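In: I'll drop the sequence and a predicted model, then ask my questions.
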Amino acid sequence: MRSIHSSILLTVLLVIPNVLWPCSCAGPLTPEQNFKTAYAVFSGKALEQTIVDIVDPRGSYKMYEVVFQVDQTWKGVSSEKFTMLTGLDEGSCRYSFDVGREYLVYAHLWESDLSTSICSRTRETSEASEDFAYLNSLSPTIEQNYPNPIRAAGTRIRFVLPVSGHSSLAVYDILGHQVIKITAGYKELGTYDMAWNGKDQRGREAPPGVYFAVITTQRHRKTIKMLLLR
(Lines give C-alpha, C1' and ligand atoms only; values in the text may rest on other atoms or scores of the structure.)
Protein backbone atom coordinates (compact mmCIF):
# COMPACT_ATOMS: atom_id res chain seq x y z
CA MET A 1 0.00 0.00 0.00
CA ARG A 2 1.44 3.31 -1.04
CA SER A 3 1.57 6.16 1.41
CA ILE A 4 1.08 9.56 -0.24
CA HIS A 5 2.67 12.62 1.33
CA SER A 6 0.45 15.36 -0.11
CA SER A 7 1.79 18.75 -1.08
CA ILE A 8 5.41 17.75 -0.59
CA LEU A 9 7.65 19.02 -3.33
CA LEU A 10 11.18 17.77 -3.52
CA THR A 11 13.67 20.00 -5.36
CA VAL A 12 16.60 18.02 -6.65
CA LEU A 13 19.71 19.86 -7.79
CA LEU A 14 21.63 17.76 -10.22
CA VAL A 15 25.11 19.23 -10.58
CA ILE A 16 26.97 18.65 -13.81
CA PRO A 17 30.71 19.36 -13.97
CA ASN A 18 32.16 20.99 -17.09
CA VAL A 19 35.00 18.48 -16.99
CA LEU A 20 33.99 14.92 -17.89
CA TRP A 21 35.15 11.83 -16.03
CA PRO A 22 34.69 8.33 -17.39
CA CYS A 23 31.86 6.46 -15.69
CA SER A 24 32.85 3.17 -14.11
CA CYS A 25 30.38 1.30 -11.92
CA ALA A 26 31.63 -1.32 -9.49
CA GLY A 27 28.72 -3.62 -10.30
CA PRO A 28 25.03 -3.96 -9.53
CA LEU A 29 24.01 -3.58 -5.90
CA THR A 30 21.05 -5.31 -4.29
CA PRO A 31 18.15 -3.22 -2.97
CA GLU A 32 19.36 -3.98 0.57
CA GLN A 33 22.91 -2.82 -0.18
CA ASN A 34 21.71 0.39 -1.85
CA PHE A 35 19.26 1.17 0.95
CA LYS A 36 21.91 0.75 3.65
CA THR A 37 24.40 3.04 1.91
CA ALA A 38 21.95 5.68 0.66
CA TYR A 39 21.39 8.89 2.58
CA ALA A 40 17.84 9.28 1.25
CA VAL A 41 15.38 7.00 -0.53
CA PHE A 42 12.08 8.20 -1.99
CA SER A 43 9.75 7.79 -4.94
CA GLY A 44 7.91 10.51 -6.82
CA LYS A 45 7.09 12.21 -10.11
CA ALA A 46 9.51 14.56 -11.85
CA LEU A 47 7.48 17.75 -12.40
CA GLU A 48 10.07 20.05 -14.01
CA GLN A 49 13.79 20.52 -14.54
CA THR A 50 15.87 23.56 -15.39
CA ILE A 51 19.58 24.11 -16.00
CA VAL A 52 21.48 26.61 -13.85
CA ASP A 53 25.18 27.49 -13.53
CA ILE A 54 27.21 27.27 -10.33
CA VAL A 55 30.84 27.97 -9.43
CA ASP A 56 32.53 26.52 -6.33
CA PRO A 57 36.09 25.54 -5.28
CA ARG A 58 35.83 22.40 -7.39
CA GLY A 59 35.29 24.42 -10.57
CA SER A 60 32.35 25.60 -12.65
CA TYR A 61 29.28 23.40 -13.00
CA LYS A 62 25.99 23.21 -14.81
CA MET A 63 23.07 22.15 -12.67
CA TYR A 64 19.85 20.41 -13.40
CA GLU A 65 17.22 21.52 -10.93
CA VAL A 66 14.47 18.88 -10.87
CA VAL A 67 11.24 19.28 -8.92
CA PHE A 68 9.55 16.10 -7.68
CA GLN A 69 6.12 15.51 -6.25
CA VAL A 70 6.96 13.05 -3.47
CA ASP A 71 4.84 9.92 -3.24
CA GLN A 72 6.63 7.66 -0.74
CA THR A 73 9.66 8.04 1.51
CA TRP A 74 11.75 5.42 3.24
CA LYS A 75 14.79 7.34 4.40
CA GLY A 76 16.13 10.86 4.82
CA VAL A 77 13.24 12.90 3.36
CA SER A 78 11.46 14.99 5.98
CA SER A 79 11.61 18.51 4.50
CA GLU A 80 9.84 19.98 1.51
CA LYS A 81 12.99 20.50 -0.56
CA PHE A 82 16.03 18.38 -1.16
CA THR A 83 19.21 18.76 -3.23
CA MET A 84 21.43 16.23 -4.96
CA LEU A 85 24.00 15.94 -7.74
CA THR A 86 24.64 13.98 -10.91
CA GLY A 87 27.09 14.06 -13.80
CA LEU A 88 26.94 15.72 -17.21
CA ASP A 89 26.14 12.71 -19.34
CA GLU A 90 26.39 8.92 -19.39
CA GLY A 91 30.17 9.23 -19.50
CA SER A 92 30.09 10.87 -16.07
CA CYS A 93 27.37 8.57 -14.70
CA ARG A 94 24.48 11.01 -15.05
CA TYR A 95 21.02 9.67 -14.40
CA SER A 96 18.65 11.39 -16.84
CA PHE A 97 15.16 12.18 -15.49
CA ASP A 98 12.17 12.74 -17.78
CA VAL A 99 9.52 15.20 -16.65
CA GLY A 100 6.19 13.51 -15.97
CA ARG A 101 7.67 10.11 -15.15
CA GLU A 102 7.83 8.53 -11.70
CA TYR A 103 11.08 7.32 -10.14
CA LEU A 104 12.49 5.49 -7.17
CA VAL A 105 15.56 7.51 -6.16
CA TYR A 106 18.55 6.50 -4.04
CA ALA A 107 20.55 9.60 -3.01
CA HIS A 108 24.09 9.22 -1.69
CA LEU A 109 26.39 11.74 -0.01
CA TRP A 110 29.21 13.11 -2.18
CA GLU A 111 31.38 15.45 -0.10
CA SER A 112 28.75 17.83 1.34
CA ASP A 113 26.17 17.23 -1.39
CA LEU A 114 23.75 14.48 -2.35
CA SER A 115 24.01 12.64 -5.63
CA THR A 116 22.52 9.89 -7.71
CA SER A 117 23.85 8.16 -10.79
CA ILE A 118 23.34 5.27 -13.17
CA CYS A 119 25.54 3.25 -10.80
CA SER A 120 22.84 3.34 -8.12
CA ARG A 121 19.48 1.59 -8.28
CA THR A 122 17.66 4.83 -9.13
CA ARG A 123 15.11 3.89 -11.78
CA GLU A 124 11.56 4.39 -12.99
CA THR A 125 9.03 2.99 -10.56
CA SER A 126 7.68 0.68 -13.27
CA GLU A 127 11.06 -1.08 -13.22
CA ALA A 128 11.53 -1.13 -9.43
CA SER A 129 9.34 -4.04 -8.32
CA GLU A 130 12.28 -5.82 -6.65
CA ASP A 131 13.19 -2.65 -4.75
CA PHE A 132 9.63 -1.97 -3.61
CA ALA A 133 9.27 -5.57 -2.42
CA TYR A 134 12.36 -5.15 -0.24
CA LEU A 135 11.57 -1.63 1.01
CA ASN A 136 7.97 -2.46 1.93
CA SER A 137 9.05 -5.63 3.74
CA LEU A 138 11.04 -3.63 6.30
CA SER A 139 9.02 -3.72 9.51
CA PRO A 140 9.65 -2.28 12.99
CA THR A 141 10.71 -4.37 15.96
CA ILE A 142 9.62 -3.79 19.55
CA GLU A 143 11.38 -5.28 22.55
CA GLN A 144 9.67 -6.52 25.68
CA ASN A 145 9.21 -3.61 28.06
CA TYR A 146 11.40 -3.42 31.15
CA PRO A 147 10.58 -3.80 33.93
CA ASN A 148 7.65 -6.11 33.43
CA PRO A 149 5.45 -6.41 35.49
CA ILE A 150 5.10 -2.63 35.73
CA ARG A 151 4.94 -1.03 39.16
CA ALA A 152 4.91 2.52 40.49
CA ALA A 153 8.20 3.50 38.80
CA GLY A 154 6.76 2.80 35.34
CA THR A 155 8.46 1.02 32.48
CA ARG A 156 10.46 1.61 29.30
CA ILE A 157 9.60 0.48 25.78
CA ARG A 158 12.32 0.17 23.16
CA PHE A 159 11.63 -0.14 19.42
CA VAL A 160 13.57 0.02 16.16
CA LEU A 161 12.35 1.70 12.96
CA PRO A 162 14.08 0.28 9.86
CA VAL A 163 12.74 3.07 7.61
CA SER A 164 11.90 6.73 8.09
CA GLY A 165 8.29 7.89 8.10
CA HIS A 166 5.28 8.47 10.29
CA SER A 167 4.87 6.12 13.24
CA SER A 168 3.14 5.95 16.60
CA LEU A 169 3.56 4.10 19.90
CA ALA A 170 0.41 3.65 21.96
CA VAL A 171 -0.81 1.58 24.91
CA TYR A 172 -4.14 -0.29 24.76
CA ASP A 173 -6.13 -2.12 27.41
CA ILE A 174 -7.35 -5.70 27.10
CA LEU A 175 -10.60 -4.49 25.48
CA GLY A 176 -8.70 -2.69 22.73
CA HIS A 177 -9.30 0.83 24.03
CA GLN A 178 -6.40 3.24 23.65
CA VAL A 179 -5.08 4.23 27.07
CA ILE A 180 -2.38 6.65 25.94
CA LYS A 181 -0.48 7.61 22.81
CA ILE A 182 3.12 7.90 23.92
CA THR A 183 4.56 9.30 20.69
CA ALA A 184 3.40 9.98 17.13
CA GLY A 185 4.79 11.74 14.07
CA TYR A 186 7.62 11.59 11.56
CA LYS A 187 10.75 9.78 12.75
CA GLU A 188 14.00 8.95 11.05
CA LEU A 189 15.02 5.31 11.06
CA GLY A 190 16.77 4.27 14.24
CA THR A 191 16.30 3.00 17.78
CA TYR A 192 13.94 4.73 20.21
CA ASP A 193 13.44 4.28 23.95
CA MET A 194 10.18 5.55 25.44
CA ALA A 195 8.80 5.62 28.98
CA TRP A 196 5.28 4.84 30.21
CA ASN A 197 4.40 5.81 33.77
CA GLY A 198 1.32 3.61 33.99
CA LYS A 199 -1.10 6.54 33.48
CA ASP A 200 -3.67 7.31 30.81
CA GLN A 201 -3.87 10.27 28.43
CA ARG A 202 -5.44 12.44 31.15
CA GLY A 203 -2.78 11.61 33.72
CA ARG A 204 -4.93 9.21 35.72
CA GLU A 205 -3.47 5.96 37.02
CA ALA A 206 -4.47 3.01 34.85
CA PRO A 207 -6.00 0.10 36.80
CA PRO A 208 -3.94 -3.08 37.29
CA GLY A 209 -4.19 -5.57 34.47
CA VAL A 210 -2.95 -6.62 31.05
CA TYR A 211 -1.98 -3.94 28.52
CA PHE A 212 -0.51 -3.92 25.03
CA ALA A 213 2.14 -1.60 23.63
CA VAL A 214 1.68 -1.19 19.87
CA ILE A 215 4.12 0.38 17.41
CA THR A 216 2.41 1.33 14.15
CA THR A 217 4.06 2.52 10.93
CA GLN A 218 2.64 3.25 7.50
CA ARG A 219 2.78 -0.40 6.52
CA HIS A 220 3.26 -2.49 9.67
CA ARG A 221 2.07 -2.99 13.25
CA LYS A 222 3.86 -4.81 16.09
CA THR A 223 2.60 -5.55 19.62
CA ILE A 224 3.94 -6.64 23.00
CA LYS A 225 1.98 -7.71 26.09
CA MET A 226 2.57 -5.97 29.43
CA LEU A 227 1.33 -6.51 32.98
CA LEU A 228 0.60 -3.57 35.26
CA LEU A 229 0.53 -4.12 39.05
CA ARG A 230 -0.32 -1.69 41.81
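Out: Arrived safely. Residues are numbered from 1 along each chain as shown.
In: and the longest helix belonging to the chain, what other elements does it pack with?
Out: Assignment by DSSP state H gives helix 129-137 as the longest helix of the chain. Using 3 or more CB pairs under 8 Å, 6 or more residues apart in numbering; DSSP states H and E as the contact criterion, the elements in contact with helix 129-137 are helix 31-37. Placement of C-beta: from N, CA and C, glycine included.
In: Give me the buried positions along the helix it packs on.
Out: Neighbour-count burial for helix 31-37, counted by 16 or more other CB atoms under 10 Å, picks out 31, 34-35.
In: what's in contact with that helix?
Out: Outside helix 31-37, the residues that touch it by CB atoms under 8 Å, 6 or more residues apart in numbering are 29, 41, 74-75, 106, 108, 120-121, 130-131, 133-135.
In: Now do it, average pLDDT.
Out: Throughout helix 31-37, pLDDT has a mean value of 94.
In: which among the contacts of helix 31-37 end up buried?
Out: Buried residues within the contacts of helix 31-37, counting neighbours by 16+ other CB under 10 Å: 29, 41, 74-75, 106, 108, 120-121, 131, 134-135.
In: Tabulate those (JSON lines), appending secondary structure.
Out: Output for the buried ones among the contacts of helix 31-37, formatted as JSON lines (DSSP: H, G, I helix; E, B strand; the rest coil):
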{"residue": "Leu29", "secondary structure": "coil"}
{"residue": "Val41", "secondary structure": "strand"}
{"residue": "Trp74", "secondary structure": "strand"}
{"residue": "Lys75", "secondary structure": "strand"}
{"residue": "Tyr106", "secondary structure": "strand"}
{"residue": "His108", "secondary structure": "strand"}
{"residue": "Ser120", "secondary structure": "coil"}
{"residue": "Arg121", "secondary structure": "coil"}
{"residue": "Asp131", "secondary structure": "helix"}
{"residue": "Tyr134", "secondary structure": "helix"}
{"residue": "Leu135", "secondary structure": "helix"}
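In: Would you mind putting those residues into JSON lines with distance to Val171 alongside?
Out: Supplementary listing: the buried ones among the contacts of helix 31-37 in JSON lines, determined by distance: CB to CB, whole Å:
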{"residue": "Leu29", "distance to Val171": "40"}
{"residue": "Val41", "distance to Val171": "31"}
{"residue": "Trp74", "distance to Val171": "27"}
{"residue": "Lys75", "distance to Val171": "28"}
{"residue": "Tyr106", "distance to Val171": "36"}
{"residue": "His108", "distance to Val171": "39"}
{"residue": "Ser120", "distance to Val171": "41"}
{"residue": "Arg121", "distance to Val171": "39"}
{"residue": "Asp131", "distance to Val171": "35"}
{"residue": "Tyr134", "distance to Val171": "31"}
{"residue": "Leu135", "distance to Val171": "29"}
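In: And those, which two are furthest apart?
Out: Using CB to CB, those reach their maximum pairwise distance at His108 and Tyr134, which is 17.3 Å.
In: quick revisit: among the contacts of helix 31-37, which pair sits farthest apart?
Out: Comparing all pairs in the contacts of helix 31-37 by CB to CB, the longest separation belongs to His108 and Ala133, at 21.6 Å.
In: ok, back up a step: now, among the contacts of helix 31-37, which is nearest to Tyr211?
Out: Nearest to Tyr211 out of the contacts of helix 31-37 is Trp74 (CB to CB; 30.8 Å).
In: I figured the closest one was touching Leu104, is that so?
Out: No - judged on CB atoms under 8 Å, Trp74 makes no contact with Leu104 at a distance of 9.3 Å.
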